[in-house]
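Trainee: I'll drop the sequence and a predicted model, then ask my questions.
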Amino acid sequence: MKIAISGKGGVGKTTIMALLANYLKESGRDILIIDADPSPHMAQTIGIKNVEKIVPIAEMRSMLAERSGKSEGSPFYNLNPEVDDLLERFMVEEDSLKLMVLGAIQTAKGGCACPENTVLRRLLTTLLLSPERIILLDMEAGVEHLGRGTIASVDLLLIVVIPSRSSIRTALKIKKLAEDSGIADIAFVANLIQDEDDEQFIKKHLDPRPVAFFPEAKSVRKSERQGEPVTRAGGDMAGAVRELAEYVGSRNVRGQRTEDRGRKDE
């Protein structure tokens, strides 16, 4: 299953993705997280050592240019570059969680992808087509990536929203663009909930209601400040993580519920 997460900047999507990844890993699943944010910090969030040595693949300009096969002064480059060896070469692992720091895939002027971005897109597509593991894709904040069709192949999109009007506006815009991109399964996840008023505010403005409500947790903020993995501080968020994982487990590829597929197979 391929799961992407998005939302307005600062809503806590990376934290929620890390907690979900850790929960699924502990249930025995093979998990790969792809950090495709222009300011990636998933490595620190899950406790990868020596994060300062990790360079996002998107910033490896020389390597990407070489893989694209573009010669200096030539307008031609390879539209199907070889990327298989990059999968293991740039994959890091901590406590059985695998991570690839991709960085943001940008669009050049005029809407045309440059040769380097062709390599990045090819790499992302190859990862998303991997059948043997659960892929969790941490996208950049906002809606631009949806406009570029970057995640059209995912099975489930989680949109994180906090109790603010601006966050809800962005979440609804993301939902509309995701639907236009052909994503069949979309769900909201509420975060930074302090009280019943926060929960009711989100329920009033979102339809359907979020599949999980994460409380505002001081332990998560403390872990981040101390440079500790958030996955060790999620005790007071355990209920919400379990609810989200159960929802994910009830889904199947392309938005079908698991029980729906069972009826079709009868």
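Mentor: Yep, that arrived.

Trainee: From here on, just use CA atoms for contacts and neighbour counts.
Mentor: Will do.

Trainee: Give me the longest helix you can find in this protein.
Mentor: helix 165-180 (DSSP state H).

Trainee: And the average pLDDT for that helix is what?
Mentor: If you average the pLDDT over helix 165-180, you get 94.

Trainee: Next, the angle from the next helix-or-strand element following it to helix 165-180.
Mentor: Moving toward the C-terminus from helix 165-180, the first helix or strand encountered (DSSP states H and E) is strand 186-193. What separates the directions of strand 186-193 and helix 165-180 is an angle of 160 degrees, with axes from the mean of the first three to the mean of the last three C-alpha atoms, to 10 degrees.

Trainee: Using CSV, list the CA coordinates for strand 186-193.
Mentor: Listed in CSV are the C-alpha atoms of strand 186-193, where the atom choice follows Å, rounded to 0.1, in the frame of the first residue of the first chain:
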residue,chain,number,x,y,z
ILE,A,186,-8.7,10.5,0.8
ALA,A,187,-9.1,11.0,4.5
PHE,A,188,-8.6,13.9,7.0
VAL,A,189,-6.6,13.5,10.2
ALA,A,190,-7.0,16.1,12.9
ASN,A,191,-4.0,17.3,15.0
LEU,A,192,-3.1,19.6,17.8
ILE,A,193,-6.5,19.1,19.5
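
Trainee: helices and strands around the longest helix of the chain, which ones?
Mentor: The criterion is 3 or more C-alpha pairs under 8 Å, 6 or more residues apart in numbering; DSSP states H and E, and the helices and strands that helix 165-180 contacts are strand 2-7, helix 144-147, strand 156-161, strand 186-193.

Trainee: Which parts of stretch 160-179 count as buried, going by neighbours?
Mentor: 160-163, 167-168, 170-172, 174-175, 177-178 (16 or more other C-alpha atoms under 10 Å).

Trainee: Mind putting the residues you listed into a markdown table with distance to residue 188?
Mentor: Written out in a markdown table, the entries for the buried residues of stretch 160-179 read as follows (distance: C-alpha to C-alpha, whole Å):
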| residue | distance to residue 188 |
| --- | --- |
| 160 | 6 |
| 161 | 7 |
| 162 | 10 |
| 163 | 12 |
| 167 | 11 |
| 168 | 10 |
| 170 | 12 |
| 171 | 8 |
| 172 | 9 |
| 174 | 10 |
| 175 | 9 |
| 177 | 14 |
| 178 | 12 |
